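Undergrad: Need the 3D shape of this:
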Amino acid sequence: MPDTELITIGAFARACGLSASALRFYADAGVLTPAVVDEATGYRYYTPDQSDTARLIRHLRAVDMPLPAVAAVLAEPDPARAAALVDDHLAALDRHLSEVRAAATSARAALHPEPPGSPDEHDRDAPISTRHPAHDGRTEHHRASADHRRGVAASRSHEVNAHEDEAPAVDRGVRLSGPLLAAALDQVATATLTDPTMPVLDTILFEADPHGLILTATDRYRLATRTLRPQRLSVTPWSATIDAADLRTTAPWLRRQHCVTLHPTPAGIEFSTEPFAPTSPSVEREKKDLARASADPGRVAADSTPRLCRRSTEDFPDYRAMLAALPPVRTRVVLARTDLLDALETAGTPTISLRVRPPNAMTVLPCGTTSPEGARSPDVENSLPATVTGPPMTLHFTVTTLYPAVVGAVGPDVMLDLLAPDLPVRVRSADDGDLSTLTMPREPVPTQEPTR
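TA: The predicted structure is shown next:
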């Protein structure tokens, strides 16, 4: 194959509408492998004829199709049978949606009806945070809005005196969905910790470059990294370690903004509803949409005051060096996220064991649940369908450590990268971007039978 046909992973990601991190996830899942992987550098290269497959994967994942079903569609040589697989998945989604609607109808029937024309009736299908502002953090934001405005004004003053060679604001602004950013902050915030002796553990690292936006947090026992594909990327790379308490205060406001622009300042990161890009047709359309929304008398007015989240005085740990120092993955498991969550929620003990056996078995066993003869009691085992590659392995986890890494995952399934029983497990998931969380297993409890 001529080298001229090879495309770098970054260029291929832009061409097919996926992030580079999502492509790595799909490659490791065996769904879309690169055409060439450089043995010396590990760089991945694709060919132009793989673009159609990548776009198909993007569409299938957009309707929450699990990886095994995606693989089945891609492996089906008959287009009609492949389309039937997609139809089967959509029919299952329709059945689930019908069940949800039926439950919602029953819930509404159990409530007292509101008078006709009341705001609650008009906004009945609106998000809870819109209908009940008293419960969505708005009070805290109003209390802090004056401080935020003063901080934003101060940061702009600092920018005027910044170094002359600093890139213009238009080159550094990152624009993306407010609810998407708020959800990403919630996902990585599970790896933050309030410790007065180590304030850096209560921070989130923002890294922006021409390829995406990466959020990272760590509490020493977990490390969470979320990659996002913004609507507008930063032309020049930048990074900032931001106080997590400020971000937690700002998250409810972000959920109420259609789009926000992140702009780094000497004081922190400013979150604004105004785009930094020059006027363009897309910006003009957005302004018209906002004007129409403002004319809607039933619309709850959103506070568009910019927010400033402060920089930390601490340097974020070099997490990439730590990741690079880990040994190669020995065993990889792919399974449905809901299956694993159900097993963790019904474990009944604070510590569980994961017994992984190739090619398709993973058992979740509450630690300490054995019969009087010392044999495992079959009624407490929870065997989950999974795709396993690599040697068998048994690991032990505290449920409160593993559960947040799984519940915050994106997409319908999770991938577990297992290194050794006493090394961190990487919990990975992907849709448009990806989420990766390192979580530490624990030593087996004394009542746990020895690993065979």
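Undergrad: which residues sit in contact with Thr401?
TA: Thr401 makes contact with Tyr221, Arg222, Thr439, Met440, Arg442, according to Cβ atoms under 8 Å, 6 or more residues apart in numbering. From N, CA and C alone the C-beta is placed, and that goes for glycine too.
Undergrad: what helix or strand does it sit in?
TA: Using DSSP states H and E, the element containing Thr401 is helix 399-407.
Undergrad: Okay, buried residues for the strand or helix carrying Leu90 please.
TA: Assigned by DSSP H and E, Leu90 belongs to helix 79-110. Buried residues in helix 79-110, counting neighbours by 16 or more other Cβ atoms under 10 Å, are found at Ala82, Leu85, Val86, His89.
Undergrad: what packs against it?
TA: For helix 79-110, the contact count by 3 or more Cβ pairs under 8 Å, 6 or more residues apart in numbering; DSSP states H and E identifies helix 67-75 as packing neighbours.
Undergrad: Format the CA atom coordinates belonging to the helix it packs on as CSV.
TA: What follows is helix 67-75, C-alpha atoms only, in CSV (Å, rounded to 0.1, in the frame of the first residue of the first chain):
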residue,chain,number,x,y,z
LEU,A,67,-20.5,-2.6,20.2
PRO,A,68,-21.4,-6.3,19.6
ALA,A,69,-24.4,-5.3,17.5
VAL,A,70,-22.3,-2.7,15.6
ALA,A,71,-19.7,-5.5,14.9
ALA,A,72,-22.5,-7.7,13.6
VAL,A,73,-23.8,-5.0,11.2
LEU,A,74,-20.3,-4.4,9.9
ALA,A,75,-19.7,-8.1,9.4
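Undergrad: buried ones in that helix?
TA: Leu67, Pro68, Ala69, Val70, Ala71, Val73.
Undergrad: Could you save those residues as a markdown table and add columns showing pLDDT and distance to Pro266?
TA: Listed next are those as a markdown table, based on pLDDT from 0 to 100; distance: Cβ to Cβ, whole Å:
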| residue | pLDDT | distance to Pro266 |
| --- | --- | --- |
| Leu67 | 89 | 44 |
| Pro68 | 88 | 49 |
| Ala69 | 90 | 49 |
| Val70 | 92 | 45 |
| Ala71 | 90 | 48 |
| Val73 | 94 | 50 |
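Undergrad: nearest to Asp94, of those?
TA: Nearest to Asp94 among the buried residues of helix 67-75, counting by Cβ to Cβ, is Ala69 at 15.6 Å.
Undergrad: In contact with the closest residue to that closest one other than its chain neighbours, which residues?
TA: Of all residues not flanking Ala69 in the chain, His89 sits nearest, at 6.0 Å (Cβ to Cβ, 6 or more residues apart in numbering). By Cβ under 8 Å, 6+ apart, the residues touching His89 are Val63, Met65, Ala69.
Undergrad: And for Pro230?
TA: Val174, Arg175, Leu176, Gly212, Leu213.
Undergrad: and stretch 99-115, average pLDDT?
TA: For stretch 99-115, the mean per-residue pLDDT is 79.
Undergrad: ditto for stretch 33-43
TA: Averaged across stretch 33-43, pLDDT comes to 90.
Undergrad: buried ones in it?
TA: By 16+ other Cβ under 10 Å, the buried positions in stretch 33-43 come out as Pro34, Ala35.
Undergrad: got it, and stretch 200-217?
TA: 200-209, 211-217.
Undergrad: Stretch 406-413 too?
TA: Buried residues in stretch 406-413, counted by 16+ other Cβ under 10 Å: Val406, Gly408, Ala409, Val410, Gly411, Pro412, Asp413.
Undergrad: could these be laid out in a markdown table, adding secondary structure?
TA: What follows is the buried residues of stretch 406-413, written out as a markdown table (DSSP: H, G, I helix; E, B strand; the rest coil):
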| residue | secondary structure |
| --- | --- |
| Val406 | helix |
| Gly408 | coil |
| Ala409 | coil |
| Val410 | coil |
| Gly411 | coil |
| Pro412 | coil |
| Asp413 | strand |
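Undergrad: Please identify which of those residues is nearest to Asn360.
TA: Distance to Asn360 across the buried residues of stretch 406-413 (Cβ to Cβ) is lowest for Asp413, with 13.9 Å.
Undergrad: Check the closest one and give its pLDDT.
TA: pLDDT, read off for Asp413, is 92.
Undergrad: does it have beta-bridge partners, and which?
TA: Ala336 (DSSP bridges).
Undergrad: Any figure for the gap between it and Ala184?
TA: Look at Asp413 and Ala184: by Cβ to Cβ, to the nearest Å, they are 19 Å apart.
Undergrad: what domains does the record give for the chain?
TA: Domain ranges of the chain: 3-75, 79-111, 128-310, 326-439, per automatic domain parsing.
Undergrad: Nearest to Phe316 among the ones you listed would be which one?
TA: Short answer: domain 128-310, nearest of the domains of the chain by Cβ to Cβ, at 4.3 Å.
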